[in-house]
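*Asks:* pasting the sequence and the predicted model now:
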Amino acid sequence: MALDRTTPNDLRAFWMPFTANRQFKQAPRMMVAAEGMFYTTSDGRQVLDGTAGLWCCNAGHARPKIVEAIQKQAAELDYAPAFQMGHPKAFELANRLVDLAPEGIDHAFFVNSGSEAVETALKIAIAYQRATGNASRTRLIGRERGYHGVNFGGISVGGIVNNRRHFGAMLAGVDHLPHTHIPQNQWTKGQPEHGANLADELERIVALHGPDTIAAVIVEPVAGSTGVLIPPKGYLQRLREITRKHGILLIFDEVITGFGRLGSAFGAQHFDVTPDMITCAKGLTNGVIPMGAVLTSAEIHDAFMTGPEHMIELFHGYTYSGNPIASAAGLATLETYREEALFERCAEIAPYWEEAVHSLKGHRHVIDIRNMGLIGAIELEPIPGAPTQRAFSAFLKAYEKGVLIRTTGDIIAMSPPLIIEKAHIDQLIGTLADVLESLD
Ligand SMILES: Cc1ncc(COP(=O)(O)O)c(C=O)c1O
């Protein structure tokens, strides 16, 4: 059927991302405003944001400092070429970012999304190995159930079947660690006891391919989009030991765990494990303007700073790398986090959150609950023959009752803004309890 190009509210032209388009367009869920912890819908309802947008609005919505910084920057310097030219705010933001990062992480390369951060980190890893005389190190190791965005590198090292199966052969030379979701850890609060030994599978992969073929290992410190998998105690430390032993770079994909979600600036500090590179995005600008970054050690950066000084050192970058408005938003976001001590706030309220999330144990269909920082997941028993349907119904019912959650497979995932109050947690969990009881 031809599109009606004259009716502004014809919904057909927009092909929505990661969305059941036909279902949505029959019963649209439209947000028209947002402030603090709440969205306003087109039918005038207030919906509690249980997901910080898409794990990105860590400081909540319509934060004055961020709004003002964007408005001011748009009027002052809207755009400056990203290649061979600069503007002060991108440099300032890079400094502020590496100040927040763990000791040993000293440089920031700007991109526009988590997916681009991942592609950039993978390319830097391979190019670094080449620059340091290890050109045979081209293999990349990801993990089953990992999510690293949607571009070809990211889906290749990623491990979510539906994100991969439709898109051909992907990158060659990729292998995967096993995921860490094992039955012994059911109902664990915080970090599970069992499964550190799963990191030893890296030794098996190294023995299979030879260490001199492997450039990097990439993992999320807490796997988010697959339905929240918390690393077993000692697991990330073990990955660090094995990668270091074999000269393999370790990349932490902190697109979700960055900027306070676990109660520290990055998951690296929370788990006390320093990788060679960190990818981040989302909370970097409070989700308001697209921006991401790859943070690297000085050793990686410095390996490229050779050759004639008029030559470009890394043949990579985007038109919008370090965009002025995104940089201004990033600076105002980091300032908001600091002024309101939001990372510390997350750590303070996390025990209340943990108890609230785990209080859903015993409700209908619930087969596991996991949490860490301000992240929580409720895993539901799938309807036989109709996977994802039960969780999707929970999402729709929660939205009707004024609460925004996210679902992936049959798992409900929550990641509220770090400004959440105890009364909001009670509303969120209380609504979910009712929703669970009402599900088929
Ligand atoms: C760990 C991780 N990496 C990468 C991405 C991709 O980010 P984007 O959607 O900004 O491309 C996400 C998004 O959820 C993520 O969680």
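*Replies:* It's in.
*Asks:* what does the stretch 101-250 of the chain have sitting close to the ligand?
*Replies:* When proximity is defined by C-beta under 6 Å from any ligand atom, the stretch 101-250 of the chain lies next to the ligand at 113-115, 118, 147-149, 220, 224-225. (C-beta placed from N, C-alpha, C; glycine too.)
*Asks:* one more pass at 5 Å, please.
*Replies:* Counting by C-beta under 5 Å from any ligand atom, the residues of the stretch 101-250 of the chain lying close to the ligand are 113-115, 148-149, 220, 224-225.
*Asks:* show the low-confidence segments of the protein, by residue range.
*Replies:* Counting by pLDDT under 70, the chain shows low-confidence ranges at 1-8.
*Asks:* for the ligand, what's its nearest residue on it.
*Replies:* residue 114 (2.2 Å; C-beta to the nearest ligand atom).
*Asks:* I'd assumed residue 149 was in contact with that residue.
*Replies:* Yes. Between residue 114 and residue 149 there is a contact at 5.0 Å, judged by C-beta atoms under 8 Å.
*Asks:* list residues touching both of those two?
*Replies:* With contacts defined as C-beta atoms under 8 Å, 6 or more residues apart in numbering, the residues adjacent to both residue 114 and residue 149 are residue 255.
*Asks:* those two: which is more packed in?
*Replies:* When neighbours are counted by other C-beta atoms under 10 Å, residue 114 and residue 149 differ, and residue 114 comes out ahead with 30 against 23.
*Asks:* show the contacting residues for the more buried one.
*Replies:* Applying C-beta under 8 Å, 6+ apart, we find residue 114 in contact with 148-149, 253, 255, 279-282, 292.
*Asks:* anything in stretch 306-318 near the ligand?
*Replies:* No. With C-beta under 5 Å from any ligand atom as the criterion, the ligand is not reached by stretch 306-318; the gap is at least 12.5 Å.
*Asks:* how long is that stretch from one end to the other?
*Replies:* The first and final residues of stretch 306-318 sit 22 Å from each other (C-alpha to C-alpha, to the nearest Å).
*Asks:* give me the buried positions along that stretch.
*Replies:* Neighbour counts using 16 or more other C-beta atoms under 10 Å place residue 318 of stretch 306-318 among the buried residues.
*Asks:* before we move on, what about stretch 392-412?
*Replies:* For stretch 392-412, a neighbour-count test (16+ other C-beta under 10 Å) marks 392-395, 397-399, 401-412 as buried.
*Asks:* those in strands, which ones?
*Replies:* For those, the ones inside strands are 403-404, 406-408, 411-412, with DSSP state E as the criterion.
*Asks:* of those residues, closest to residue 208?
*Replies:* Distances from residue 208 to those, taken as C-beta to C-beta, are shortest for residue 408 (30.5 Å).
*Asks:* OK, contacts around that closest one?
*Replies:* The neighbours of residue 408, taking C-beta under 8 Å, 6+ apart as the test, are 225-227, 391.
*Asks:* can you lay out the residues you listed as a markdown table showing neighbour count and secondary structure?
*Replies:* A markdown table is the format used below for these (neighbours: other C-beta atoms under 10 Å; DSSP: H, G, I helix; E, B strand; the rest coil):
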| residue | neighbour count | secondary structure |
| --- | --- | --- |
| 225 | 23 | coil |
| 226 | 23 | coil |
| 227 | 24 | coil |
| 391 | 26 | helix |
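*Asks:* for residue 166, see how far away residue 324 is.
*Replies:* Residue 324 sits 37 Å away from residue 166 when distances are taken as C-beta to C-beta, to the nearest Å.
*Asks:* more neighbours: which of these two?
*Replies:* Just comparing residue 324 and residue 166: by other C-beta under 10 Å the higher neighbour count belongs to residue 324, 20 against 8.
*Asks:* was I right to think that one contacts residue 90?
*Replies:* Yes. Between residue 324 and residue 90 there is a contact at 7.4 Å, judged by C-beta under 8 Å.
*Asks:* distance between the ends of stretch 241-256?
*Replies:* So stretch 241-256: terminal residues 24 Å apart, C-alpha to C-alpha.
*Asks:* could you do stretch 154-174 as well?
*Replies:* OK, stretch 154-174 end separation, C-alpha to C-alpha: 11 Å.
*Asks:* quick check: buried residues in that stretch?
*Replies:* Neighbour counts over stretch 154-174 (16+ other C-beta under 10 Å) mark 154-160, 163, 174 as buried.
*Asks:* likewise stretch 334-348?
*Replies:* When burial is assessed from 16+ other C-beta under 10 Å, stretch 334-348 yields the following buried residues: 334-337, 340, 342-343, 345-347.
*Asks:* in the residues you listed, find the pair that's most separated.
*Replies:* Maximum pairwise distance in those, criterion C-beta to C-beta, is 19.6 Å, between 335 and 347.
*Asks:* returning to what we had before: if you look at the residues of the stretch 101-250 of the chain next to the ligand, which of them are in strands?
*Replies:* In strands, judged by DSSP E, none of those are found.
*Asks:* centre of the chain versus stretch 97-111, how much separation?
*Replies:* Mean-position distance between stretch 97-111 and its chain equals 17 Å (C-alpha atoms, centre = their mean, to the nearest Å).
*Asks:* what sits up against that stretch?
*Replies:* Counting contacts by C-beta under 8 Å, 6+ apart, the residues touching stretch 97-111 from outside are 90, 93-94, 117, 120, 124, 265-266, 268-269, 274, 277-278, 280-281, 284, 291-298, 300-301, 314, 318, 321-323, 326-327, 330, 334.
*Asks:* near the ligand at all, stretch 285-294?
*Replies:* No. Where contact is defined by C-beta under 5 Å from any ligand atom, no part of stretch 285-294 touches the ligand; the two come within 6.3 Å at best.
*Asks:* then that stretch to PDB, C-alphas only?
*Replies:* Extracted C-alpha coordinates of stretch 285-294, given in PDB (Å, rounded to 0.1, in the frame of the first residue of the first chain):
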ATOM      1  CA  THR A 285      26.100  12.000  27.500                       C
ATOM      2  CA  ASN A 286      23.200  10.800  29.700                       C
ATOM      3  CA  GLY A 287      21.800   9.400  26.400                       C
ATOM      4  CA  VAL A 288      20.900  12.900  25.300                       C
ATOM      5  CA  ILE A 289      23.200  13.200  22.300                       C
ATOM      6  CA  PRO A 290      24.800  10.200  20.500                       C
ATOM      7  CA  MET A 291      28.400   9.800  21.700                       C
ATOM      8  CA  GLY A 292      30.800   6.900  22.600                       C
ATOM      9  CA  ALA A 293      34.400   6.500  23.300                       C
ATOM     10  CA  VAL A 294      37.200   4.000  23.400                       C
END
